[in-house]
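A.B. asks: Generate a structure from the sequence data that follows.
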Amino acid sequence: MAQIPTGASRPGKLTARQTGDAAEQRARRWLEHQGLVFIAANVHERGGEIDLIMREGAVTVFVEVRYRSSGAYGGAAASVTRSKQNKLLQTARLWLARHNGSFDTVDCRFDVIAFTGHEIEWFQNAFSS
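C.D. replies: Model prediction:
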């Protein structure tokens, strides 16, 4: 019996990682169009990852990019749970420490770029440190 191809072996279908990478690239371009300056992408620290780090004026902006093909399960923004927020806060804290900063010394905020289908939403200061 022939096997049904799944995942990356299915022609024309993007893997979850490819879909995420495409959403992050789209978010970066969109934010740059809004006037933000790119600093870093896919920053890994112990226990977490930050999708994008941007700068808006003197503010360091940590950006979580979320994608869902539809809003059937609450949309992309709904997927940023409290647990995910805590991981982002810890990762940002470690990144700032590596760059001689802290939440006390660096003006920063946490934004979420949410793609639900073809819609984009930008939640500035979505949660705080």
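
A.B. asks: Quick check: Phe103 vs Trp122, distance?
C.D. replies: When distance is defined by C-beta to C-beta, to the nearest Å, Phe103 is 22 Å away from Trp122. Any C-beta I mention is one placed from the backbone N, CA and C, and that applies to glycine too.

A.B. asks: do the same with Tyr67
C.D. replies: Taking C-beta to C-beta, one finds Tyr67 at 14 Å from Trp122.

A.B. asks: Count the residues that sit near Gln124.
C.D. replies: Residues lying near Gln124 (other C-beta atoms under 10 Å) number 12.

A.B. asks: pretty sure it is in contact with Ala114, am I right?
C.D. replies: No: using C-beta atoms under 8 Å, Gln124 makes no contact with Ala114, being 12.0 Å away.

A.B. asks: Break down this protein into its strands, ranges please.
C.D. replies: Under the criterion DSSP state E, the chain contains strands at 37-45, 48-56, 59-68, 108-116, 119-127.

A.B. asks: Out of the ones you listed, flag the one nearest Arg82.
C.D. replies: strand 119-127 (8.6 Å; C-beta to C-beta).

A.B. asks: helices or strands up against the closest one?
C.D. replies: If you count contacts as 3 or more C-beta pairs under 8 Å, 6 or more residues apart in numbering; DSSP states H and E, strand 119-127 packs onto helix 16-33, strand 108-116.

A.B. asks: Now do Met54, the pLDDT please.
C.D. replies: pLDDT for Met54: 97.

A.B. asks: now Ile113
C.D. replies: 94.

A.B. asks: Okay, and the beta partners of it?
C.D. replies: On the basis of DSSP bridges, Ile113 is bridged to Val65, Trp122.

A.B. asks: can you count the residues close to Asp104?
C.D. replies: 7.

A.B. asks: which residues does the residue nearest to Gly48 when sequence neighbours are not counted contact?
C.D. replies: Spatial nearest neighbour of Gly48, excluding adjacent residues (C-beta to C-beta, 6 or more residues apart in numbering): Thr91 at 3.5 Å. By C-beta atoms under 8 Å, 6 or more residues apart in numbering, the contact list for Thr91 reads 43, 45, 47-50.
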